[in-house]
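Participant: I need the structure of the sequence given here:
(one chain, ligands or ions: 1)
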Amino acid sequence: MTTMFPMSEICANCGAVDTYQQLGSTNCFGWSDLDLRPAEMQRSTIGVVMHMCKECGYAWYDVSEAPKNKVMLAGIVSSLPRAKDLSDTYFNAGMIRLLADDDHESAFNCFLNAAWAADDAGDAAKAVKARCKALVQVHTLLKTDGENADLMLMAADIARRAGEFVIALEYIEKIEKCETDDIHRKLAAFERKLAGDEDDKCHNISEAPGIDE
Ligand SMILES: [Zn+2]
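Facilitator: Numbering: from 1, shown residues only. Now for the predicted structure:
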């Protein structure tokens, strides 16, 4: 089960003090989606772990934690449109990490969570926008980690879910050229089929043919 507890945090941007729910523990049973969104109950903790200061809009998992480069923080936070929902909050958190620290990995994770939150809210346009931002970050990450098959599979799935089927197929080709294991090859084949069918729906790893053999 998922457990939570309240804890006070001081905003690293404006100093406002507020109480935020913290995740004590959770569990995860079952296969992830193709973009590695976890199964329940961890899946539903998406709305618990990201926080936003009500005073200034600073968004991070722990609002008392500033980016490494704090000099521009106030300007960055005030330049972003105030988040109206959970997807916006993740999106802003990603933008803050990107603009302050050039932190592509954190930005990637935040944008992907923004897409998942938009999926949950049924906001397809917002989900596509967040996935396109996540894709730009993946592209940058793969420049220094070009043989990361997990990341390439995520990239292929994010592109497919954003309706960018040509980009999805390009990533799948790269995976097929890498020395990968049997699971990666099966997932790449499944992803190739979905992208070829121009299927932009959410699919689970368990659906990939032969994956649980
Ligand atoms: Zn604040």
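Participant: leaving aside the residues next to it on the chain, what's closest to residue 12?
Facilitator: Excluding the flanking residues, the one nearest residue 12 by Cβ to Cβ, 6 or more residues apart in numbering is residue 66, at 3.7 Å. Backbone N, C-alpha and C define where each C-beta goes, glycine included.
Participant: What is the burial count for the one you found?
Facilitator: 17 (other Cβ atoms under 10 Å).
Participant: what's the answer for residue 110, then?
Facilitator: By the measure other Cβ under 10 Å, the count of residues near residue 110 is 29.
Participant: How about residue 30?
Facilitator: For residue 30, the count of nearby residues is 11 (other Cβ under 10 Å).
Participant: wait, is it part of a strand?
Facilitator: No: using DSSP: H, G, I helix; E, B strand; the rest coil, the assignment for residue 30 is coil, not a strand.
Participant: OK, contacts around the residue lying closest to it once chain neighbours are set aside?
Facilitator: Of all residues not flanking residue 30 in the chain, residue 39 sits nearest, at 3.6 Å (Cβ to Cβ, 6+ apart). For residue 39, the contacting residues are 28, 29, 30, 31, 32, by Cβ atoms under 8 Å, 6 or more residues apart in numbering.
Participant: Out of those, which two sit at the greatest distance?
Facilitator: 29 and 32 (11.2 Å; Cβ to Cβ).
Participant: More neighbours: the two, which one.
Facilitator: Neighbour count, other Cβ under 10 Å: between residue 29 and residue 32, residue 32 has more, with 15 against 9.
Participant: coming back round to it: specify the local secondary structure of the residue nearest to residue 30.
Facilitator: Residue 39 - assigned by three-state DSSP - is coil.
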